[in-house]
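Colleague: build me a model from this:
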Amino acid sequence: MEITAFPLGPLEANGYLLARGREAVFVDPGGDPGAVLRTLTEKHLRLTHILVTHLHFDHIYGVKELAQATLAPILANPKDEFLLHTEMGLGGFMGLPKVSPFDFGPIEPGETLFLDTPCTVLATPGHTPGSLSFYFPKARAVFVGDLLFYRSIGRTDFPGGDMDALIKSVREKIFALPPETVVYSGHGPATTVGEEAGHNPFFQDLVEL
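Modeller: Numbers count the residues shown, from 1 in each chain. Have a look, this model is predicted:
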């Protein structure tokens, strides 16, 4: 699987294009998807799905346009739908643009297939109640949105945020993955499960992997 990062939108949220063969999925289109669409055309890829880790505005600015251009279905956790009725989902505050309304289909935690390869959809609440992480074991990669960052964690002072839930999600769901798993976060550089379990200051009591 080929993974390409696209920092998009006013907050440069990381979106990720996952390609295998002639098909691709995109995780968190946070801004103008023009560069993504050009890449799809240049590489002769068909986008099969748009996956959303959580419904905060900076991760969904480009969802509607990308879906309209590719006809790919949008999948997100309905537990975050309430955010689309708040500034954290609608955008528009502090001079930021508003999010174009869109419809999405539900995706539940569990085992599934994307790009003909296994994917485990993990329920990882904390940053938002419906936060999801997408783990692709064969690619040794997990896409966590704003749950976990290099040497940091996501904020929990937004509507629906819960610090205890976030810490539990990281400990039980992310740190349970193989230590070499690459963690692709919603902002900043990629890291690994082992690096964060061993060195992230929010988890210093964990045994280093």
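
Colleague: next SSE after the worst-scoring helix or strand of the chain on mean pLDDT?
Modeller: Lowest by mean pLDDT, DSSP states H and E among the helices and strands of the chain is helix 87-90, with a mean of 93. Next in sequence after helix 87-90, counting helices and strands by DSSP states H and E, comes strand 105-106.

Colleague: partners of that next one, with directions?
Modeller: Next to strand 105-106 in the sheet, as set by DSSP bridges, lie strand 74-76 (parallel).

Colleague: next, the buried residues of stretch 135-145.
Modeller: If you call a residue buried by 16 or more other C-beta atoms under 10 Å, then stretch 135-145 has these buried ones: 135-136, 139, 141-145. (Each C-beta comes from the backbone N, C-alpha and C, glycine too.)

Colleague: rounded mean pLDDT for that stretch, please.
Modeller: Across stretch 135-145, the average pLDDT comes to 98.

Colleague: from start to finish, how long is it in a straight line?
Modeller: 12 Å (C-alpha to C-alpha, to the nearest Å).

Colleague: got it, and stretch 56-63?
Modeller: From its first residue to its last, stretch 56-63 covers 12 Å (C-alpha to C-alpha).

Colleague: so how far is that stretch off the chain centroid?
Modeller: Remark: stretch 56-63 is offset 11 Å from the chain centroid, using C-alpha atoms, centre = their mean, to the nearest Å.

Colleague: tell me where the protein has strands.
Modeller: Per DSSP state E, the chain carries strands over the ranges 2-8, 13-20, 23-27, 46-51, 74-76, 105-106, 110-114, 117-123, 132-136, 141-145, 148-149, 152-153, 182-185, 191-192.

Colleague: turn the ones you listed into JSON lines, columns for distance to residue 96.
Modeller: Shown next, in JSON lines, are the strands of the chain (distance: least, C-beta to C-beta, whole Å):
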{"stretch": "strand 2-8", "distance to residue 96": "14"}
{"stretch": "strand 13-20", "distance to residue 96": "12"}
{"stretch": "strand 23-27", "distance to residue 96": "21"}
{"stretch": "strand 46-51", "distance to residue 96": "21"}
{"stretch": "strand 74-76", "distance to residue 96": "20"}
{"stretch": "strand 105-106", "distance to residue 96": "26"}
{"stretch": "strand 110-114", "distance to residue 96": "30"}
{"stretch": "strand 117-123", "distance to residue 96": "28"}
{"stretch": "strand 132-136", "distance to residue 96": "24"}
{"stretch": "strand 141-145", "distance to residue 96": "19"}
{"stretch": "strand 148-149", "distance to residue 96": "21"}
{"stretch": "strand 152-153", "distance to residue 96": "22"}
{"stretch": "strand 182-185", "distance to residue 96": "21"}
{"stretch": "strand 191-192", "distance to residue 96": "27"}
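
Colleague: contact partners for the residue nearest to residue 144 when sequence neighbours are not counted?
Modeller: Nearest residue to residue 144, sequence neighbours excluded (C-beta to C-beta, 6 or more residues apart in numbering): residue 133, at 4.5 Å. Counting by C-beta atoms under 8 Å, 6 or more residues apart in numbering, residue 133 touches 53, 121-122, 124, 142-145, 147, 173-174.
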